[in-house]
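>>> Fold the following, please.
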Amino acid sequence: LYYAASVTPAAVQALASFKRGGTAVVRATHLPESGGCVELCLAATPAAQQALSAAPLRHVRLCVPALSPLWHPFTVCAAPHDDTTVRLLFRQYGTFTTKLAARLHEVRRPVVLVDGYHGDTGRLETALQHDAVIMVAGGIGVVSYLSLVAQLHAHLGRAECRTQYVVLHWMCRDGGLVRHVAAHYLVPIIGGDAEHGDGGREDAVPIQVVVHHTGRAPRTETLPGAHGSHGALRPYVEHVGGGTPFVPAAFSPGSRT
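Take a look at the predicted model:
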């Protein structure tokens, strides 16, 4: 009885989402020279963006009925200066992610159901209570920190913030993944983007990102500019089909901030 009471609301919500065509997929980017990494962009409502900004380091559960009836957890993040999507950046590993990546090569996407948010909602507040914040990530695990870095940058320098130093150490062997993440998530925040101007504000507390590239040097190296390396964006697929923007699930504990 307890199990039924806890599962039924989420099941009803998932069924309603399925009837609406699932969550709208904006595009999928298969990153070259990244060891099989894929970036999936989902349309999101302002409420979804605000909830992720208020509490980064969150994850959602993904179900693609055409591939599997099971729900799979994925870390979710937001890209700077993009208030219309939330993003999943994952590596093909195992049956589900490999099949999902293959289906995302198709123009007509499968129905994608998203449930969330889930996870701890107090990580940002905890980090801002310390003088120094040191983060260590490996490979695709950097996704867990991308939204946190953005929100730390937004809060640092304020009178109520005691943090004076932030550093992210990222060890990664895949040059394509490094270039994509740097161009689209890190440079617009801390790189002094001339257009948006927030990377070099005078009152900012230093944020240092140290990339330990452990793989072989690529055949051609292109340093990402403030607006990204075009080589890191292809191939991608603009998707057609139904679906609605992602809305935080009313029954997900991590959505109640």
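
>>> can you give me the helices in the protein?
For the chain, the helices defined by DSSP state H cover 2-19, 46-54, 95-103, 123-127, 143-155, 175-181, 187-190.

>>> Relative to Leu113, which of those helices is closest?
helix 2-19 (5.3 Å; C-beta to C-beta). Backbone N, C-alpha and C define where each C-beta goes, glycine included.

>>> Tell me how many other residues surround Met135.
By other C-beta atoms under 10 Å, 17 other residues sit near Met135.

>>> could I get the helices of the chain as TSV with mean neighbour count, mean pLDDT and distance to Glu33?
Below are these laid out as TSV (neighbours: other C-beta atoms under 10 Å; pLDDT from 0 to 100; distance: least, C-beta to C-beta, whole Å):
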stretch	mean neighbour count	mean pLDDT	distance to Glu33
helix 2-19	12	58	35
helix 46-54	18	89	28
helix 95-103	16	95	15
helix 123-127	16	88	31
helix 143-155	21	89	18
helix 175-181	24	93	3
helix 187-190	22	83	18
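
>>> will you turn the ones you listed into a markdown table that also has distance to Thr85?
Below are these laid out as a markdown table (distance: least, C-beta to C-beta, whole Å):
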| stretch | distance to Thr85 |
| --- | --- |
| helix 2-19 | 17 |
| helix 46-54 | 9 |
| helix 95-103 | 17 |
| helix 123-127 | 21 |
| helix 143-155 | 13 |
| helix 175-181 | 15 |
| helix 187-190 | 15 |
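
>>> Relative to Gly36, which of the ones you listed is closest?
Here helix 95-103 is closest among the helices of the chain (C-beta to C-beta), at 7.1 Å.

>>> Point out the other elements, helices or strands, that that closest one touches.
For helix 95-103, the helices and strands in contact under the criterion 3 or more C-beta pairs under 8 Å, 6 or more residues apart in numbering; DSSP states H and E are strand 37-43.

>>> Using PDB, list the CA coordinates for the strand it packs on.
Only the C-alpha atoms of strand 37-43 are listed here, as PDB (Å, rounded to 0.1, in the frame of the first residue of the first chain):
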ATOM      1  CA  CYS A  37      29.800  11.800 -25.600                       C
ATOM      2  CA  VAL A  38      26.500  13.300 -26.500                       C
ATOM      3  CA  GLU A  39      24.800  16.600 -25.400                       C
ATOM      4  CA  LEU A  40      21.000  16.500 -25.300                       C
ATOM      5  CA  CYS A  41      19.200  19.800 -25.000                       C
ATOM      6  CA  LEU A  42      15.700  19.700 -23.700                       C
ATOM      7  CA  ALA A  43      13.200  22.600 -23.800                       C
END
